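Novice: Any chance you can model this:
(one chain, ligands or ions: 1)
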Amino acid sequence: MKPMIRTIALATTVWLWVASASAAAAPVAAMTMPAKKAAAQPATAASVRIDHAWVRAAPPGTDMLAGYMDIHNVGPKALRLVAADCDAFAMVELHRSSIVKGVSTMTPAGAQAIAPGDVLAIQAGGLHFMLMQPLRPLQAGQTVRFTLHFADGSRAGVEAVVRTQAPTASGR
Ligand SMILES: [Cu+2]
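Specialist: As a prediction, this is how the structure comes out:
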């Protein structure tokens with residue numbers, strides 16, 4: 001499976017396209033995640049525990065939302081997160097937020113290794129899943145389903161609640 005975390009150049013192109021396409025019926029053709037193909041070929045479940053999964057609520061018509069979660073590697077082997085998809089969005093990328101010369105910016109984060117016993121915190125201010133091309137309107141209190149894809153072919157699913165604030169004060 002080709003990782004869905006793409007190069008900066010491509011992501012930038014997509015970003016601009018999404019921004020200009022607004023809420024118009026957007027063709028999602030080549031950019032959709034491989035959900036159907038993956039379903040035909042069952043993968044093993046990754047040895048992960050996921051908590052604090054949530055999506056930040058946004059005003060109606062917002063093209064891009066952000067998703068967060070903590071991914072614990074509870075197995076004996078190192079894991080490498082290579083892609084994610086979400087049932088409410090046609091495109092998902094893992095981004096990292098940072099401050100460059102005083103300006104908040106974000107860039108594709110690439111694949112993420114998670115050592116045994118370690119946790120990958122995808123939380124506000126650092127990493128986030130950029131959720132693009134919404135497939136349905138989302139309101140606070142609703143849930144969406146994420147599927148995480150790892151380099152060894154294993155997968156993990158988690159439901160995330162749409163919320164206006166992080167699940168806990170610390171976000172952890
Ligand atoms: Cu982003």
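
Novice: what residue of this protein is the furthest out?
Specialist: Relative to the centre of the chain, and counting by CA atoms, centre = their mean, the farthest-placed residue is K101 at 26.2 Å.

Novice: Quick check: closest non-adjacent residue to W54.
Specialist: R163 (4.9 Å; CB to CB, 6 or more residues apart in numbering). Quick note: C-beta positions are derived from backbone N, CA and C, even for glycine.

Novice: about what we covered before: just the pLDDT for the residue farthest from the centre of the chain.
Specialist: Predicted confidence (pLDDT) for K101: 91.

Novice: how about it, phi and psi?
Specialist: Phi and psi for K101, reported as degrees, to the nearest 10, are phi 50, psi 40.

Novice: With L148 as the reference, measure out to it.
Specialist: 33 Å (CB to CB, to the nearest Å).

Novice: What of D118?
Specialist: When D118 is compared with L148 (using CB to CB), they lie 15 Å apart.

Novice: From the neighbour counts alone, determine which of these two ranks first.
Specialist: L148 (25 against 14; other CB atoms under 10 Å).

Novice: my hunch is that that one is in a strand, does that hold up?
Specialist: Yes - counting by DSSP: H, G, I helix; E, B strand; the rest coil, L148 falls inside a strand.

Novice: mind listing what the closest residue to it other than its chain neighbours touches?
Specialist: Spatially, and ignoring its direct neighbours in sequence, L148 is nearest to A156 (4.7 Å; CB to CB, 6+ apart). By CB atoms under 8 Å, 6 or more residues apart in numbering, the contact set of A156 is A45, A46, V48, I50, I71, T147, L148, F150.

Novice: Just the mean pLDDT for the helix or strand where the fourth one lies, thanks.
Specialist: This means I50. I50 belongs to strand 48-56 when assigned by DSSP states H and E. Mean pLDDT, strand 48-56: 97.

Novice: And for A140, the neighbour number?
Specialist: 13.

Novice: Could you do I99 as well?
Specialist: I99 has 9 nearby residues by other CB under 10 Å.

Novice: For it, name its beta-bridge partners.
Specialist: S104 (DSSP bridges).

Novice: so it touches M106, yeah?
Specialist: No - contact criterion CB atoms under 8 Å: I99 and M106 do not qualify, at 10.4 Å.

Novice: Quick check, pLDDT for the residue nearest to the spatial centre of the chain.
Specialist: Among the residues of the chain, the one closest to the centroid is F129, at 3.1 Å (CA atoms, centre = their mean). Note for F129: predicted pLDDT of 98.

Novice: what's near enough to touch the residue nearest to W54?
Specialist: Contacts of R163 (CB under 8 Å, 6+ apart): W54, V55, R56, A57, A140, G141.

Novice: Right, I'll leave it there.
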